[in-house]
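K.L.:
how would this look folded up:
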Amino acid sequence: MVAPGFIDIHSHSDYHLLVNPRAESKVRQGVTTEVGGNCGYSAAPLSGEVARERLKSFPSSFGLKHPWRTVSEYFHYLEDSGISINFALLGGHNTIRAAVMGGDPGTPGSRELRKILTLTEEALEAGAIGLSTGLAYAPACFSGKRELMELGKLARKWDVIFAAHIRSEGKGLLEALDEFLEVGKETGASLEVSHLKTMWEENWGKLDAAFGKIENYIRKGYPVSADRYPYTAANTGLSSILPQWALAGDSREIRARLTSPRTFGRLVEEIDTSHDERYWQGVIISQAQRKVNQKWEGKSVWAACRGKQPAEFALRLLKNDYLYTSIHIQAMSEKNLERILAKPWVMIGSDSAVRSVRGPLRQGKPHPRAFGTFPRILGNYVRGEKLLSLPRAVHKMTGMPARKLGLKDRGIIKAGNFADLVIFSPDLISDRSTYPDPYRYPTGIDYVIINGQVVIEEGRHTGARAGRVLRKVSSKQ
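P.N.:
Numbers count the residues shown, from 1 in each chain. A predicted model of the protein is given here:
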């Protein structure tokens, strides 16, 4: 089969792509274009405290320089590095708010809000293909209605998407959807609900109500879609267990709360009260920053704490790992996943960064979606369970995201379009990456062609760096 190259509408490769410009784990899946800057976090624009933190942590984490501040400078740095895959960027609200206000939990004043909007507009002027926010994470979790509405107005003004990791995907799912959909209703922005899901069994029954809200919005003529990865485990930072009050300030202030006996005790009590044994059994440590903590990778917090208070163990691990511990959370329903994937307004996104089976990006036990998202759709949900027809599944990964993002010359095979193509065997394509053994590339993908150059040939990477930075062509109203 020959198909348009797959478009990963929800990725996090902003920095990883510089570490591995060959984009091994994505291009081997047939992905020819990634959209980064999701969940509110983008590599640029940077200033203030967030710039100082990134300038310090980036070289130490990856051994690379960090010479950019603006989106334009970042794009030029990517291009000069040479990348094997096309890359587009969403301007991240969390990054921009932090550039202006740091971790201040307060409402931005008029000057601060103007600065947030100015930096956002500068990102759009430089070619950012849309905006994103991560309302479950600091500092966007402190944002109120006015701030979100102003961002929605900018998205509408520039005719770009506004994507959101909504404020809650569990207990507060329906209220979080209401909040985001209201932004679209009031501003006319084209919305994207990131990785639509229902977390924890007590919330699985909310899916029909969530569908009802989104589809009622669509029936009224408002533009909204969603994306989803084909797995039932989420992946995030262990810092997500912290209550909102503990996320205020910069990383030093957050770690200080974990060091202070008074606030540490308060956190242990608050988190322990909120989470039971079943929760901690579902929280799997996927990657630790410090070598001394890497012995816990692949284990649940419940197993790692060895009968001690799991909240205390998790907080000590987080403090000792400089807040950078990653986790998988086994908390979703396969039945709900299938119902979400089947919806005509849902696209496919990996929610992951590029990885590699060797080199500096072989760290920890990453989520298998980094290696298997797109082949898993075609192997498991098309050929295996026949949830989707092959044309429909391919459209969710190609023409649909291209249209949503305004990529008029990609996403379909047509004379005059860019030659982004994937050639695969529908009978053989399959993901091989698993949670215990994630570093495995898929099978059944023979060729991947990007901008007319062969990048994967007979299943092997040619070394070609044929990718481009895809800038939004301005259509500001």
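
K.L.:
tell me the contacts of the spatially most central residue of the chain?
P.N.:
Nearest residue to the geometric centre of the chain (CA atoms, centre = their mean): Asp351, 3.9 Å. For Asp351, the contacting residues are His10, Ser11, His12, Asn38, Ser194, His195, Tyr229, Asn235, His367, Arg369, by CB atoms under 8 Å, 6 or more residues apart in numbering. From N, CA and C alone the C-beta is placed, and that goes for glycine too.

K.L.:
Now go through those residues and say which are in helices.
P.N.:
Arg369 (DSSP state H).

K.L.:
Low-confidence ranges, this structure, go.
P.N.:
Where the chain drops to pLDDT under 70, the residues are 56-61, 474-477.

K.L.:
how does it look with 90?
P.N.:
Applying pLDDT under 90 to the chain flags the ranges 47-67, 250-251, 306-308, 384-386, 473-477.

K.L.:
care to break it down by domain?
P.N.:
Under automatic domain parsing, the residue ranges defining each domain of the chain are 2-232+331-423, 237-329.

K.L.:
So which of those is nearest Tyr447?
P.N.:
domain 2-232+331-423 (4.1 Å; CB to CB).

K.L.:
So which residues of the stretch 201-350 of the chain form helices?
P.N.:
Here the stretch 201-350 of the chain has its helices, by DSSP state H, counting those that start in this stretch, at 207-219, 251-259, 261-274, 277-282, 301-304, 310-320, 334-342.

K.L.:
Give me the contacts around the first one.
P.N.:
When contacts are defined by CB under 8 Å, 6+ apart, helix 207-219 is touched by residues 173-174, 177-178, 181, 184-185, 193, 196, 198, 224, 226, 336, 339-340, 343, 345.

K.L.:
rerun at 7 Å
P.N.:
Leu173, Leu174, Leu177, Asp178, Leu181, Thr198, Val224, Asn336, Arg339, Trp345 (CB atoms under 7 Å, 6 or more residues apart in numbering).

K.L.:
Which of the residues you listed fall in strands?
P.N.:
Counting by DSSP state E, the contacts of helix 207-219 place Val224 in strands.

K.L.:
From the contacts of helix 207-219, list just the buried residues.
P.N.:
Neighbour counting with 16 or more other CB atoms under 10 Å marks Leu173, Leu177, Leu181, Thr198, Val224, Asn336, Arg339, Trp345 as buried within the contacts of helix 207-219.

K.L.:
hang on, the earlier thing: can you tell which of the domains of the chain is closest to Arg460?
P.N.:
domain 2-232+331-423 (9.2 Å).

K.L.:
what about that closest one, how long is it end to end?
P.N.:
End-to-end distance of domain 2-232+331-423 (CA to CA, to the nearest Å): 5 Å.

K.L.:
got it, and stretch 343-355?
P.N.:
Terminal residues of stretch 343-355 are spaced 29 Å apart (CA to CA).

K.L.:
Give me the distance from it to the chain's centre.
P.N.:
9 Å (CA atoms, centre = their mean, to the nearest Å).

K.L.:
just stretch 404-414 next, same as before
P.N.:
Centre-to-centre, stretch 404-414 and its host chain are 21 Å apart (CA atoms, centre = their mean).

K.L.:
Could I get the buried residue list for that stretch?
P.N.:
Across stretch 404-414, burial judged by 16+ other CB under 10 Å covers Lys404, Leu405, Gly406, Leu407, Arg410, Gly411.

K.L.:
Roughly how far does the third one sit from Ser326?
P.N.:
Computed with CB to CB, to the nearest Å, the distance linking Gly406 and Ser326 is 32 Å.

K.L.:
Same check on Tyr439?
P.N.:
According to CB to CB, Tyr439 and Ser326 sit 15 Å apart.

K.L.:
who has more neighbours, those two?
P.N.:
Taking other CB atoms under 10 Å, Tyr439 and Ser326 do not tie; Ser326 has more neighbours (22 against 19).
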